[in-house]
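K.L.:
got a predicted structure here, sequence first:
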Amino acid sequence: MTNFLSGLLRLRRGPWENLASVLIGLGVLMLMQPFVLWAFTYSFIVTLIGTVMFIITSHFPE
Amino acid sequence: MTHSAMDAAARATPPNIARRIRGLSDRTIAWLFVAPTIFLLLAINIFPLIWTVYLSFTNYRANRPNKAVEWVGFENYQNILTDDGIWANMQATAHFLFWTIVFQVLIGFTLAWLINKKFKGNDLWTTLIVLPMMLSPAVVGNFWTFLYQPQIGLFNYAVEFLTGTPASSFEMLGTTTLAPWAIVIVDTWMWTPFVMLICLAGLRSIPDYIYEAAEVDRASKWRQFWTITIPMVLPFLMLAVLFRGIENFKMFDLVVQLTGGGPGSVTELASINLKREAFEKWRTGYSSAYAIILFVTVFGLASIYVKALNKVKER
(Lines give C-alpha, C1' and ligand atoms only; values in the text may rest on other atoms or scores of the structure.)
Protein backbone atom coordinates (compact mmCIF):
# COMPACT_ATOMS: atom_id res chain seq x y z
CA MET A 1 0.00 0.00 0.00
CA THR A 2 2.85 2.37 0.95
CA ASN A 3 4.64 1.48 -2.31
CA PHE A 4 1.49 2.14 -4.24
CA LEU A 5 0.97 5.56 -2.65
CA SER A 6 4.61 6.59 -3.06
CA GLY A 7 4.41 5.43 -6.70
CA LEU A 8 1.42 7.67 -7.20
CA LEU A 9 3.19 10.62 -5.60
CA ARG A 10 6.34 10.08 -7.66
CA LEU A 11 4.23 9.75 -10.85
CA ARG A 12 5.29 6.17 -11.58
CA ARG A 13 3.63 4.28 -14.40
CA GLY A 14 2.64 1.08 -12.58
CA PRO A 15 0.39 2.43 -9.82
CA TRP A 16 -1.17 5.08 -12.05
CA GLU A 17 -1.96 2.49 -14.72
CA ASN A 18 -3.47 0.25 -12.06
CA LEU A 19 -5.65 3.10 -10.83
CA ALA A 20 -6.76 3.87 -14.40
CA SER A 21 -7.52 0.18 -15.01
CA VAL A 22 -9.68 0.05 -11.88
CA LEU A 23 -11.60 3.11 -13.08
CA ILE A 24 -12.17 1.59 -16.53
CA GLY A 25 -13.31 -1.71 -15.02
CA LEU A 26 -15.61 0.10 -12.62
CA GLY A 27 -17.04 2.19 -15.47
CA VAL A 28 -17.79 -0.88 -17.58
CA LEU A 29 -19.40 -2.65 -14.61
CA MET A 30 -21.53 0.45 -13.96
CA LEU A 31 -22.54 0.56 -17.64
CA MET A 32 -23.72 -3.03 -17.74
CA GLN A 33 -25.09 -3.70 -14.25
CA PRO A 34 -28.84 -4.28 -13.94
CA PHE A 35 -29.36 -2.78 -10.46
CA VAL A 36 -29.31 1.05 -10.32
CA LEU A 37 -29.87 3.61 -13.05
CA TRP A 38 -27.63 6.27 -11.50
CA ALA A 39 -24.62 3.95 -11.86
CA PHE A 40 -25.45 3.57 -15.56
CA THR A 41 -25.74 7.36 -15.86
CA TYR A 42 -22.28 8.00 -14.41
CA SER A 43 -20.63 4.99 -16.06
CA PHE A 44 -19.44 6.85 -19.14
CA ILE A 45 -17.68 9.63 -17.29
CA VAL A 46 -15.90 7.08 -15.06
CA THR A 47 -14.79 5.03 -18.10
CA LEU A 48 -13.71 8.15 -19.97
CA ILE A 49 -11.63 9.44 -17.04
CA GLY A 50 -10.05 5.99 -16.68
CA THR A 51 -9.27 5.70 -20.38
CA VAL A 52 -7.76 9.18 -20.68
CA MET A 53 -5.79 8.58 -17.49
CA PHE A 54 -4.54 5.27 -18.90
CA ILE A 55 -3.36 6.91 -22.13
CA ILE A 56 -1.53 9.66 -20.23
CA THR A 57 -0.02 7.50 -17.50
CA SER A 58 1.26 4.88 -19.96
CA HIS A 59 3.85 7.54 -20.89
CA PHE A 60 5.06 7.92 -17.28
CA PRO A 61 8.45 6.44 -16.35
CA GLU A 62 8.51 2.87 -14.96
CA MET B 1 15.05 -5.12 -63.92
CA THR B 2 18.63 -6.20 -64.80
CA HIS B 3 21.71 -4.23 -63.75
CA SER B 4 22.34 -2.99 -67.27
CA ALA B 5 18.75 -1.80 -67.61
CA MET B 6 19.01 0.00 -64.27
CA ASP B 7 22.27 1.61 -65.33
CA ALA B 8 20.62 2.72 -68.56
CA ALA B 9 17.66 4.19 -66.61
CA ALA B 10 20.05 5.98 -64.24
CA ARG B 11 22.02 7.42 -67.18
CA ALA B 12 18.76 8.51 -68.85
CA THR B 13 17.61 10.48 -65.76
CA PRO B 14 18.07 14.21 -66.40
CA PRO B 15 20.95 15.62 -64.26
CA ASN B 16 18.77 18.09 -62.31
CA ILE B 17 16.32 15.33 -61.20
CA ALA B 18 19.18 12.96 -60.39
CA ARG B 19 20.76 15.65 -58.21
CA ARG B 20 17.47 16.19 -56.39
CA ILE B 21 16.96 12.46 -55.72
CA ARG B 22 20.56 12.07 -54.51
CA GLY B 23 19.92 14.97 -52.13
CA LEU B 24 17.07 13.20 -50.26
CA SER B 25 18.04 11.84 -46.87
CA ASP B 26 17.12 8.30 -45.76
CA ARG B 27 14.65 9.81 -43.33
CA THR B 28 12.88 11.76 -46.10
CA ILE B 29 12.71 8.71 -48.32
CA ALA B 30 11.26 6.70 -45.40
CA TRP B 31 8.61 9.41 -44.89
CA LEU B 32 7.81 9.39 -48.60
CA PHE B 33 7.07 5.67 -48.42
CA VAL B 34 5.04 5.91 -45.21
CA ALA B 35 3.11 9.06 -46.22
CA PRO B 36 0.37 7.32 -48.29
CA THR B 37 -0.42 4.97 -45.41
CA ILE B 38 -0.54 7.82 -42.92
CA PHE B 39 -2.76 9.79 -45.26
CA LEU B 40 -5.17 6.85 -45.64
CA LEU B 41 -5.19 6.28 -41.88
CA LEU B 42 -6.03 9.92 -41.26
CA ALA B 43 -8.69 9.98 -43.96
CA ILE B 44 -10.38 6.70 -43.12
CA ASN B 45 -9.92 6.38 -39.33
CA ILE B 46 -8.93 9.58 -37.58
CA PHE B 47 -11.01 12.12 -39.47
CA PRO B 48 -14.32 10.16 -39.15
CA LEU B 49 -13.60 9.68 -35.44
CA ILE B 50 -13.07 13.40 -34.86
CA TRP B 51 -16.12 14.19 -37.02
CA THR B 52 -18.24 11.74 -34.99
CA VAL B 53 -17.10 13.41 -31.76
CA TYR B 54 -18.16 16.77 -33.23
CA LEU B 55 -21.53 15.42 -34.43
CA SER B 56 -22.22 13.93 -31.00
CA PHE B 57 -22.55 17.48 -29.66
CA THR B 58 -25.07 18.52 -32.32
CA ASN B 59 -28.65 17.72 -33.33
CA TYR B 60 -27.58 16.83 -36.91
CA ARG B 61 -29.83 14.48 -38.87
CA ALA B 62 -28.33 12.87 -41.98
CA ASN B 63 -31.74 12.70 -43.71
CA ARG B 64 -32.15 16.49 -43.39
CA PRO B 65 -28.84 17.83 -44.68
CA ASN B 66 -30.23 21.32 -45.35
CA LYS B 67 -31.51 21.86 -41.82
CA ALA B 68 -29.34 24.13 -39.65
CA VAL B 69 -27.11 22.15 -37.31
CA GLU B 70 -27.40 23.27 -33.70
CA TRP B 71 -24.81 22.77 -30.98
CA VAL B 72 -26.58 20.95 -28.12
CA GLY B 73 -23.62 20.39 -25.80
CA PHE B 74 -23.87 17.26 -23.67
CA GLU B 75 -27.61 16.82 -24.22
CA ASN B 76 -27.23 13.70 -26.42
CA TYR B 77 -24.98 12.04 -23.83
CA GLN B 78 -27.38 13.02 -21.05
CA ASN B 79 -30.38 11.58 -22.94
CA ILE B 80 -28.59 8.31 -23.70
CA LEU B 81 -27.27 7.79 -20.19
CA THR B 82 -30.66 8.33 -18.57
CA ASP B 83 -32.60 6.16 -21.02
CA ASP B 84 -34.09 2.98 -19.51
CA GLY B 85 -34.28 1.34 -22.93
CA ILE B 86 -30.58 1.80 -23.65
CA TRP B 87 -29.77 0.58 -20.16
CA ALA B 88 -31.72 -2.61 -20.97
CA ASN B 89 -29.80 -2.92 -24.28
CA MET B 90 -26.52 -2.69 -22.37
CA GLN B 91 -27.65 -5.48 -20.04
CA ALA B 92 -28.61 -7.63 -23.03
CA THR B 93 -25.15 -6.94 -24.50
CA ALA B 94 -23.48 -7.82 -21.19
CA HIS B 95 -25.41 -11.11 -20.98
CA PHE B 96 -24.48 -12.00 -24.54
CA LEU B 97 -20.84 -10.96 -24.13
CA PHE B 98 -20.28 -12.75 -20.82
CA TRP B 99 -21.86 -16.09 -21.64
CA THR B 100 -20.52 -16.37 -25.20
CA ILE B 101 -16.98 -15.79 -23.93
CA VAL B 102 -17.36 -18.25 -21.04
CA PHE B 103 -18.75 -21.01 -23.28
CA GLN B 104 -16.38 -20.37 -26.15
CA VAL B 105 -13.31 -20.42 -23.92
CA LEU B 106 -14.37 -23.56 -22.04
CA ILE B 107 -15.50 -25.55 -25.07
CA GLY B 108 -12.77 -24.16 -27.35
CA PHE B 109 -10.01 -25.04 -24.93
CA THR B 110 -11.44 -28.51 -24.30
CA LEU B 111 -11.67 -29.19 -28.04
CA ALA B 112 -8.12 -27.93 -28.58
CA TRP B 113 -6.91 -30.14 -25.74
CA LEU B 114 -8.59 -33.19 -27.32
CA ILE B 115 -7.45 -32.37 -30.87
CA ASN B 116 -3.89 -31.90 -29.62
CA LYS B 117 -3.79 -35.57 -28.58
CA LYS B 118 -2.28 -37.55 -31.39
CA PHE B 119 -4.97 -39.84 -32.77
CA LYS B 120 -5.97 -41.16 -36.15
CA GLY B 121 -7.95 -38.66 -38.23
CA ASN B 122 -7.42 -35.61 -36.07
CA ASP B 123 -6.78 -33.46 -39.16
CA LEU B 124 -10.19 -34.44 -40.47
CA TRP B 125 -11.80 -33.58 -37.12
CA THR B 126 -10.05 -30.21 -37.06
CA THR B 127 -11.40 -29.40 -40.52
CA LEU B 128 -14.92 -30.47 -39.56
CA ILE B 129 -14.85 -28.47 -36.33
CA VAL B 130 -13.70 -25.24 -38.00
CA LEU B 131 -16.42 -25.38 -40.68
CA PRO B 132 -18.98 -23.18 -38.81
CA MET B 133 -16.65 -20.18 -38.63
CA MET B 134 -16.17 -20.29 -42.40
CA LEU B 135 -19.88 -19.70 -42.99
CA SER B 136 -21.46 -16.30 -43.45
CA PRO B 137 -23.29 -14.99 -40.33
CA ALA B 138 -26.36 -14.35 -42.51
CA VAL B 139 -26.43 -18.01 -43.56
CA VAL B 140 -25.86 -19.22 -40.01
CA GLY B 141 -28.60 -16.94 -38.70
CA ASN B 142 -31.01 -18.18 -41.34
CA PHE B 143 -30.51 -21.88 -40.89
CA TRP B 144 -30.54 -21.65 -37.09
CA THR B 145 -33.97 -20.01 -37.30
CA PHE B 146 -35.06 -23.25 -39.01
CA LEU B 147 -33.28 -25.39 -36.41
CA TYR B 148 -35.12 -23.47 -33.67
CA GLN B 149 -38.59 -23.93 -35.25
CA PRO B 150 -40.82 -25.55 -32.60
CA GLN B 151 -42.61 -27.80 -35.13
CA ILE B 152 -39.87 -28.83 -37.54
CA GLY B 153 -36.64 -27.67 -35.88
CA LEU B 154 -33.99 -30.26 -35.11
CA PHE B 155 -32.85 -28.34 -32.02
CA ASN B 156 -36.22 -28.74 -30.31
CA TYR B 157 -36.28 -32.44 -31.15
CA ALA B 158 -32.75 -32.87 -29.79
CA VAL B 159 -33.86 -31.21 -26.53
CA GLU B 160 -36.91 -33.50 -26.44
CA PHE B 161 -34.70 -36.52 -26.98
CA LEU B 162 -32.28 -35.49 -24.21
CA THR B 163 -34.67 -34.08 -21.60
CA GLY B 164 -38.13 -35.38 -22.43
CA THR B 165 -39.56 -31.84 -22.80
CA PRO B 166 -42.02 -31.94 -25.76
CA ALA B 167 -40.46 -30.23 -28.82
CA SER B 168 -43.49 -28.07 -29.57
CA SER B 169 -43.82 -26.85 -25.97
CA PHE B 170 -41.11 -24.21 -26.18
CA GLU B 171 -39.97 -21.64 -28.68
CA MET B 172 -36.32 -20.63 -28.47
CA LEU B 173 -36.65 -17.44 -30.52
CA GLY B 174 -40.11 -16.38 -29.43
CA THR B 175 -39.82 -16.54 -25.65
CA THR B 176 -38.31 -13.66 -23.69
CA THR B 177 -36.51 -16.00 -21.29
CA LEU B 178 -35.07 -18.30 -23.99
CA ALA B 179 -34.22 -15.89 -26.81
CA PRO B 180 -31.10 -14.41 -25.08
CA TRP B 181 -29.81 -17.97 -24.68
CA ALA B 182 -30.69 -18.84 -28.27
CA ILE B 183 -28.32 -16.17 -29.60
CA VAL B 184 -25.62 -17.25 -27.14
CA ILE B 185 -25.89 -20.85 -28.40
CA VAL B 186 -25.59 -19.85 -32.06
CA ASP B 187 -22.62 -17.52 -31.51
CA THR B 188 -20.93 -20.21 -29.43
CA TRP B 189 -21.55 -22.78 -32.16
CA MET B 190 -20.12 -20.47 -34.80
CA TRP B 191 -17.09 -19.02 -33.02
CA THR B 192 -15.87 -21.75 -30.66
CA PRO B 193 -13.69 -23.16 -33.50
CA PHE B 194 -11.87 -19.82 -33.64
CA VAL B 195 -11.00 -20.02 -29.94
CA MET B 196 -10.08 -23.66 -30.44
CA LEU B 197 -7.62 -22.81 -33.22
CA ILE B 198 -5.90 -20.15 -31.10
CA CYS B 199 -5.69 -22.53 -28.11
CA LEU B 200 -4.38 -25.27 -30.39
CA ALA B 201 -1.59 -22.95 -31.55
CA GLY B 202 -0.76 -22.32 -27.88
CA LEU B 203 -0.79 -26.01 -26.97
CA ARG B 204 1.41 -26.92 -29.94
CA SER B 205 3.92 -24.23 -28.97
CA ILE B 206 4.70 -25.97 -25.66
CA PRO B 207 7.91 -28.00 -26.12
CA ASP B 208 7.67 -31.71 -25.18
CA TYR B 209 10.82 -31.55 -23.06
CA ILE B 210 9.01 -29.48 -20.42
CA TYR B 211 6.50 -32.29 -19.90
CA GLU B 212 9.33 -34.84 -19.96
CA ALA B 213 11.16 -32.92 -17.22
CA ALA B 214 7.93 -32.78 -15.21
CA GLU B 215 7.51 -36.57 -15.67
CA VAL B 216 11.04 -37.07 -14.36
CA ASP B 217 10.10 -34.96 -11.32
CA ARG B 218 7.05 -37.21 -10.89
CA ALA B 219 4.56 -34.38 -11.36
CA SER B 220 1.02 -35.71 -11.79
CA LYS B 221 -0.94 -35.03 -14.99
CA TRP B 222 -3.16 -32.64 -13.05
CA ARG B 223 -0.14 -30.70 -11.75
CA GLN B 224 1.39 -30.61 -15.24
CA PHE B 225 -1.86 -29.19 -16.55
CA TRP B 226 -2.04 -26.38 -13.98
CA THR B 227 1.67 -25.49 -13.83
CA ILE B 228 2.74 -26.01 -17.46
CA THR B 229 -0.20 -26.13 -19.86
CA ILE B 230 -2.41 -23.35 -18.46
CA PRO B 231 0.37 -20.73 -17.87
CA MET B 232 1.85 -21.35 -21.34
CA VAL B 233 -1.50 -21.25 -23.14
CA LEU B 234 -2.75 -18.24 -21.14
CA PRO B 235 -1.43 -15.50 -23.52
CA PHE B 236 -3.13 -17.26 -26.44
CA LEU B 237 -6.32 -17.69 -24.45
CA MET B 238 -6.28 -14.01 -23.49
CA LEU B 239 -5.83 -13.03 -27.13
CA ALA B 240 -8.82 -15.16 -28.07
CA VAL B 241 -10.92 -13.50 -25.34
CA LEU B 242 -9.81 -10.05 -26.55
CA PHE B 243 -10.77 -10.80 -30.16
CA ARG B 244 -14.09 -12.38 -29.25
CA GLY B 245 -14.88 -9.69 -26.68
CA ILE B 246 -14.41 -6.84 -29.13
CA GLU B 247 -16.22 -8.72 -31.88
CA ASN B 248 -19.19 -9.64 -29.70
CA PHE B 249 -19.48 -6.17 -28.23
CA LYS B 250 -20.36 -4.98 -31.73
CA MET B 251 -22.27 -8.12 -32.75
CA PHE B 252 -24.96 -7.23 -35.25
CA ASP B 253 -25.56 -9.45 -38.29
CA LEU B 254 -26.07 -12.82 -36.64
CA VAL B 255 -28.53 -11.53 -34.04
CA VAL B 256 -30.47 -9.44 -36.56
CA GLN B 257 -30.91 -12.55 -38.72
CA LEU B 258 -31.95 -14.67 -35.76
CA THR B 259 -34.28 -12.47 -33.72
CA GLY B 260 -34.14 -8.94 -35.13
CA GLY B 261 -33.72 -7.80 -31.53
CA GLY B 262 -36.93 -9.44 -30.31
CA PRO B 263 -39.10 -10.68 -28.77
CA GLY B 264 -39.78 -7.18 -27.45
CA SER B 265 -36.24 -5.91 -27.11
CA VAL B 266 -34.67 -8.69 -25.03
CA THR B 267 -32.05 -9.47 -27.68
CA GLU B 268 -31.63 -5.92 -28.94
CA LEU B 269 -27.89 -5.53 -28.42
CA ALA B 270 -26.30 -2.08 -28.24
CA SER B 271 -25.10 -2.22 -31.86
CA ILE B 272 -28.59 -3.12 -33.15
CA ASN B 273 -30.11 -0.25 -31.20
CA LEU B 274 -27.38 2.07 -32.47
CA LYS B 275 -28.13 1.12 -36.07
CA ARG B 276 -31.84 1.82 -35.50
CA GLU B 277 -31.13 5.23 -34.04
CA ALA B 278 -28.71 6.11 -36.85
CA PHE B 279 -30.39 4.70 -39.95
CA GLU B 280 -34.05 4.18 -39.10
CA LYS B 281 -34.77 7.18 -36.86
CA TRP B 282 -31.96 9.20 -38.49
CA ARG B 283 -30.86 10.80 -35.21
CA THR B 284 -27.28 11.17 -36.38
CA GLY B 285 -26.03 13.43 -33.57
CA TYR B 286 -27.63 11.23 -30.92
CA SER B 287 -26.31 8.02 -32.46
CA SER B 288 -22.82 9.58 -32.77
CA ALA B 289 -22.85 10.14 -29.01
CA TYR B 290 -24.02 6.54 -28.56
CA ALA B 291 -21.17 5.31 -30.80
CA ILE B 292 -18.63 7.36 -28.84
CA ILE B 293 -19.84 5.79 -25.56
CA LEU B 294 -19.42 2.30 -27.02
CA PHE B 295 -16.05 3.22 -28.51
CA VAL B 296 -14.65 4.56 -25.23
CA THR B 297 -15.85 1.43 -23.43
CA VAL B 298 -14.24 -0.97 -25.90
CA PHE B 299 -11.07 1.13 -26.12
CA GLY B 300 -10.72 1.27 -22.32
CA LEU B 301 -11.30 -2.45 -21.95
CA ALA B 302 -8.89 -3.28 -24.77
CA SER B 303 -6.20 -1.04 -23.17
CA ILE B 304 -6.26 -2.81 -19.81
CA TYR B 305 -6.51 -6.14 -21.54
CA VAL B 306 -3.43 -5.50 -23.69
CA LYS B 307 -1.57 -4.40 -20.55
CA ALA B 308 -2.54 -7.66 -18.80
CA LEU B 309 -1.53 -9.63 -21.89
CA ASN B 310 1.92 -8.01 -21.93
CA LYS B 311 2.37 -8.83 -18.25
CA VAL B 312 1.51 -12.47 -18.86
CA LYS B 313 3.93 -12.62 -21.80
CA GLU B 314 6.73 -11.11 -19.68
CA ARG B 315 6.29 -13.92 -17.18
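P.N.:
That came through, no problem.
K.L.:
alpha carbons only for contacts and neighbour counts from here, please
P.N.:
Noted.
K.L.:
give the contact list for B:Val312.
P.N.:
Taking CA atoms under 8 Å, 6 or more residues apart in numbering or on different chains, we find B:Val312 in contact with B:Leu234, B:Pro235.
K.L.:
please apply the same query to A:Val28.
P.N.:
Contacts for A:Val28 (CA under 8 Å, 6+ apart) come out as A:Ser43, A:Thr47, B:Thr297, B:Leu301.
K.L.:
ok, the residue in chain B that chain A sits nearest to - contacts?
P.N.:
Using CA to the nearest CA, the single residue of chain B nearest to chain A is B:Leu81, 4.6 Å away. Contact analysis of B:Leu81 by CA under 8 Å, 6+ apart lists A:Phe40, A:Thr41, A:Tyr42, A:Phe44, B:Trp87.
K.L.:
gap between the fourth one and B:Ala201?
P.N.:
The one in question is A:Phe44. 37 Å (CA to CA, to the nearest Å).
K.L.:
neighbour count for these two, which is higher?
P.N.:
More crowded of A:Phe44 and B:Ala201, by other CA atoms under 10 Å in any protein chain shown: A:Phe44, with 23 against 15.
K.L.:
does that one sit in a helix, a strand or a coil?
P.N.:
Here A:Phe44 takes the helix state, with states given by DSSP: H, G, I helix; E, B strand; the rest coil.
K.L.:
again with B:Leu173
P.N.:
Using three-state DSSP, the structure places B:Leu173 in coil.
K.L.:
ok, it touching B:Ala182?
P.N.:
Yes. Using CA atoms under 8 Å, B:Leu173 makes contact with B:Ala182 at a distance of 6.5 Å.
K.L.:
would you mind listing what in chain A touches chain B?
P.N.:
Residues of chain A lying near chain B by CA under 8 Å from any CA of the partner chain: A:21, A:24-25, A:28, A:31-34, A:37-38, A:40-42, A:44, A:47-48, A:50-51, A:54.
K.L.:
for whichever residue of chain A sits closest to chain B, grab the count of nearby residues.
P.N.:
Taking CA to the nearest CA as the measure, chain A has A:Thr41 as its residue closest to chain B, at 4.6 Å. A:Thr41 is flanked by 20 other residues according to other CA under 10 Å.
K.L.:
same deal with the one 5 residues further on?
P.N.:
For A:Val46, the number of neighbouring residues by other CA under 10 Å comes to 21.
K.L.:
got it, and A:Phe35?
P.N.:
9.
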